[in-house]
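S.K.: mind folding the following:
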Amino acid sequence: MRISRFIIGAALAAFVVGCSKQSSSRLPADDRLATKVTLTKKSASSSTSSAAAPVAQAAMTAWQQGDTNTAVSSFLAADWSARPLFPTSSSLSLSEHQFGALPAADRQAKAQDISDQLGVLKRLLAAVTQAGHDAAAKQDVSTARKYFTSLKQCGEALDSPESSAIVKLVGQRLKKNADGYLSNLGQ
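M.R.: Reported below is the predicted structural model:
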């Protein structure tokens with residue numbers, strides 16, 4: 001349990017540091033591609049199926065494939081009020097209760113997987129944040145507001161009762177950051 005708390009704490013610290021940076025540089029391609037996470041490749045545009053595609057899947061899959069523009073566009077277009085957020089095969093889809101009910105060895109493995117997946121999500125969130133800052137720097141307040149509002153909506157979705165504690169914390173921090181970015185834009 002102590003190890004999983006350390007991993008979760010480290011993942012949260014990495015997320016907070018990554019999202020608070022307002023660098024104008026883009027993430028290197030090697031950083032975008034460095035991940036062990038695998039997601040299923042169901043089409044996010046499948047509107048005829050009875051089960052909705054996970055909300056974050058299109059953006060995260062595009063990010064993992066190194067397609068930054070599509071990832072950011074997919075993130076912006078996502079309906080963050082829809083569910084599920086992540087595929088059921090993703091460790092990010094576990095509730096705190098489900099995570100706690102796992103045997104110790106499985107919890108340790110899932111904690112590492114959660115950390116890896118949060119790393120992917122963190123880099124995607126940093127790219128969306130940067131796109132918002134870039135728009136604001138160009139005095140395109142309307143576009144910047146869209147990016148920051150989407151970040152806030154994602155944070156609200158992550159900070160839900162069906163999320164694990166670490167995912168909730170990421171959501172809470174994301175909402176706080178997005179509120180700050182939106183307030184900096186003014187009305």
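S.K.: please save the CA atoms from the strand or helix carrying residue 157 in PDB.
M.R.: Assigned by DSSP states H and E, residue 157 falls within helix 141-158. C-alpha atoms of helix 141-158 as PDB (Å, rounded to 0.1, in the frame of the first residue of the first chain):
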ATOM      1  CA  VAL A 141      -9.500  35.100 -26.600                       C
ATOM      2  CA  SER A 142     -12.400  33.100 -27.900                       C
ATOM      3  CA  THR A 143     -10.200  30.200 -29.000                       C
ATOM      4  CA  ALA A 144      -8.200  30.300 -25.800                       C
ATOM      5  CA  ARG A 145     -11.400  30.200 -23.800                       C
ATOM      6  CA  LYS A 146     -12.500  27.100 -25.700                       C
ATOM      7  CA  TYR A 147      -9.300  25.300 -24.800                       C
ATOM      8  CA  PHE A 148      -9.400  26.300 -21.200                       C
ATOM      9  CA  THR A 149     -13.100  25.500 -20.900                       C
ATOM     10  CA  SER A 150     -12.500  22.000 -22.300                       C
ATOM     11  CA  LEU A 151      -9.700  21.500 -19.800                       C
ATOM     12  CA  LYS A 152     -12.100  22.500 -17.000                       C
ATOM     13  CA  GLN A 153     -14.800  20.200 -18.200                       C
ATOM     14  CA  CYS A 154     -12.300  17.300 -18.400                       C
ATOM     15  CA  GLY A 155     -11.200  18.100 -14.800                       C
ATOM     16  CA  GLU A 156     -14.800  18.000 -13.700                       C
ATOM     17  CA  ALA A 157     -15.300  14.600 -15.400                       C
ATOM     18  CA  LEU A 158     -12.100  13.200 -13.800                       C
END
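S.K.: find the centremost residue of this structure, please.
M.R.: The centroid of the chain falls nearest to residue 121 when counting by Cα atoms, centre = their mean (3.6 Å).
S.K.: which helices and strands sit right next to the helix or strand hosting residue 133?
M.R.: Using DSSP H and E, residue 133 maps to helix 104-137. When contacts are defined as 3 or more Cβ pairs under 8 Å, 6 or more residues apart in numbering; DSSP states H and E, helix 104-137 sits against helix 2-20, helix 57-64, helix 68-77, helix 96-101, helix 141-158, helix 165-185. (Each C-beta comes from the backbone N, C-alpha and C, glycine too.)
S.K.: one more time with 7 Å
M.R.: Under the contact definition 3 or more Cβ pairs under 7 Å, 6 or more residues apart in numbering; DSSP states H and E, helix 104-137 sits against helix 2-20, helix 57-64, helix 68-77, helix 141-158, helix 165-185.
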